[in-house]
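Q: Turn this into a model:
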Amino acid sequence: MTGGRSDPDGGTAATPPTGPGLLPRVAAHADRTPRAGAVRTAAGCLNYGDLVTRAGAIAGMLRERGVAAESPVGICLPRSPELVAALLGVLWAGAVAVPLDPAAARMRLRLQAADAELVTVLVTAATAECAASLGVPTTPLDAVPARATVPPPAWCAERAAVVVHSAGVEEEPRPVVVTHGNLAGLVDWLAAGWPAGTFDAVPVDAPLDGHVALCQLLAPLAVGGTVLLDGDGGPTAGAPSVRIGPPAPAGDAVALLLTGGPLTGPLPTATARWSAWSAAEVGGPALAGTGLGNDLRALGEPRPDTTVHVLDETLRPVPVGVVGRLHLGGGAVTRGYHGQPSLTADRYLPDPFTATPGRRMVATDDLVRRDADGVLRWVGRVDECPRRDGEPTPPAEAQAALRRHPGVADAAVVCSPAGDLVAAAVPVPGAGTTVAGLRSHLAGLLPVRLRPDRLAVLDALPLLPSGKVNRRALLGAVTRAERAPTAQAERTSDRAEPVVAAERAVAQAWAAVLGRPVEADRNFFDAGGDSLLMIRLSGVLRRTFDREVDVVDLFRLPTIRDMAAHLAPPVVVASGSSPTGPTAAERQARARQEARRQVGRARGAGRDS
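A: Model prediction:
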């Protein structure tokens, strides 16, 4: 692996891209090997010659329609050769490509289209209906004529190229503007920094509007390889395959795993393996290294155009072995968040470690440490590591310790809004795993500071569609498991009757709005709801309970059980007794935290599950 050269301040110095950039690379492949397969689907293959001809035709059509420099153009297309040609064609025309995943929720697509201020959306017959609801003029690609292809221009590095969106698991997805210079540095690294043949064939299976899918598309195009769409088989027999994304099934000959932290799931069997740290703010992978045995927190070295700094809260470098926040500079730093100058100013900071005027560095969400062996290791996310005794407490330590217990099949540890470490363990069937036994196990491995405050045994970990642990759902599952011994008594008591009646009424309102019954602890947005349906639900509940129902409260309380507890008549508690559950002040604090997350989910973080 190649990386940036060392700087005296302990960071790394970036090397500017020296290759021809994405478009000239693809054109060169078409000149040398026009019949080589560029895109493969279950229905057939598009070669490089035809791909460049098609991309040039789309570029010419956009120019004829008056699409100006850096005009945002949506690409709402299925996983097909037309998708790859459209991406190249928009870049060729000098516009900004804004991929829109047709598989995403309609609300997410509408918000992305509005935020990007699209001038048009490229569609085919298969996606025309989906794009028609976005309120943006559409441009069908089915009838774009073939025409003579002119060489693609070499756009300046500062010109905007693509908008990708961050994952948006706990908050609103952020639109990140990737420049042509960012793409040039990435494809240089993909073409020159990896063993020959690594990217000969790459499957594209990530959400199309994110940075992982962008890397899946660019990696094979950078080296003259083949983009695999529709889940169509791997490369030819005997050739290596590559996985860009989370861990793949066993059997890959080569695996590149993009992560935002340590690898936590089963690893594929591989003759060679790398892990690469990636983020939307740097347009894809920026750090990579070979697998170091079981050292899954090792992040590797930066790509040549990227600098790495581990800084404290005053933006000063921390000593070796001390935890700090990961900052990245150099050519990998994207332009910023589209239409969000305040957030851009908060995260994209002036880079004091470069002599180049105007350069910036991006503050990531990750805490890292460079150890005495020179390896940069991930510690945790900034918002998931509560500080105790002045030091961050990474959940990963307790999570790794739980997984070492012979009676644990899987485990996860997350940080609650209150700053507690909350752990859940999935037992090995028949092992007789108990919470008391797990606490005893942890006491023998971890200091008190690193042990979880709350611990429960669950049948399974709640997961997001991406396969990552759903942190919010895990917190709820642990809370329910902790209350399980007394839940039945509470439900059958006289005091609980108003809440039970309110749950029935809220459940009926949900069924009326969503068109089907939903379990009491399922999140409204996971059940198919969106912000418009939430507004409609507030009206139904207002009539049902004959009281004002603020839609903001509903965003904070996204389950039937939570809404019912909020809307139920007040309960009179006998003198000398105390109500179970959190106090009103605690509920308000949790509600404020939940409101921020749920507004993000409603604006587009959640995909249809």
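Q: per-residue confidence for T559?
A: Looking at T559, its pLDDT reads 79.
Q: Number of residues surrounding it?
A: 20 (other CB atoms under 10 Å). C-betas here are computed from N, CA, C, even on glycine.
Q: and what of the one 3 residues further on?
A: When neighbours are defined as other CB under 10 Å, D562 has 23 of them.
Q: Is it located within a strand, as I assumed?
A: No - judged by DSSP: H, G, I helix; E, B strand; the rest coil, D562 forms no part of a strand; its state is helix.
Q: Now do the contacts for it.
A: Neighbour list for D562: empty [criterion: CB atoms under 8 Å, 6 or more residues apart in numbering].
Q: Same check on the one 5 residues further on?
A: Neighbour list for L567: A502, A505, V506, L541, F545, R547, V549 [criterion: CB under 8 Å, 6+ apart].
Q: In TSV: those, plus neighbour count and secondary structure.
A: Below are these laid out as TSV (neighbours: other CB atoms under 10 Å; DSSP: H, G, I helix; E, B strand; the rest coil):
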residue	neighbour count	secondary structure
A502	22	helix
A505	18	helix
V506	27	helix
L541	24	helix
F545	16	helix
R547	9	coil
V549	20	coil
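Q: Kindly indicate which of the residues you listed lies nearest L311.
A: Nearest to L311 out of the contacts of L567 is V549 (CB to CB; 45.9 Å).
Q: Give me the distance between I244 and A213.
A: 9 Å (CB to CB, to the nearest Å).
Q: centroid residue for the protein?
A: A centroid search over the chain (CA atoms, centre = their mean) returns A167, at 2.5 Å, as the residue closest to the centre.
Q: between I244 and A213, which one's more packed in?
A: For the pair I244 and A213, the greater number of neighbours falls to I244 (29 against 22), based on other CB under 10 Å.
Q: what about the stretch 1-150 of the chain, any weak spots by pLDDT?
A: Residues of the stretch 1-150 of the chain meeting the criterion pLDDT under 70: 1-13, 15-19, 148-149.
Q: who's in contact with E482?
A: R454, A456.
Q: helix/strand/coil for R504?
A: helix.
Q: And the one 3 residues further on, by the same measure?
A: For A507, the assignment made with three-state DSSP gives helix.
Q: so what's G89 up against?
A: Neighbours of G89 in contact, by CB under 8 Å, 6+ apart: R54, A55, G56, A57, I58, A59, M61, L62.
Q: who's in contact with the residue nearest to it when sequence neighbours are not counted?
A: Excluding the flanking residues, the one nearest G89 by CB to CB, 6 or more residues apart in numbering is I58, at 2.9 Å. Contacts for I58 (CB under 8 Å, 6+ apart) come out as A85, A86, L88, G89, V90, W92, A93, L122, L141, V144.
Q: ok, which stretches of the stretch 51-200 of the chain are strands?
A: Ranges of strands in the stretch 51-200 of the chain, per DSSP state E, counting those that start in this stretch, are 72-75, 96-99, 120-123, 138-140, 160-165, 175-179.
Q: And V368, which helix or strand is it part of?
A: strand 360-370 (DSSP states H and E).
Q: Can you give the contact residues for that strand?
A: Contacts of strand 360-370 (CB under 8 Å, 6+ apart): 10, 260-261, 277, 279, 281-282, 299, 307, 309-310, 320-329, 333-334, 347-351, 353, 376-383, 385, 392, 394.
Q: A409 belongs to a strand, doesn't it?
A: Yes - applying three-state DSSP, one finds A409 inside a strand.
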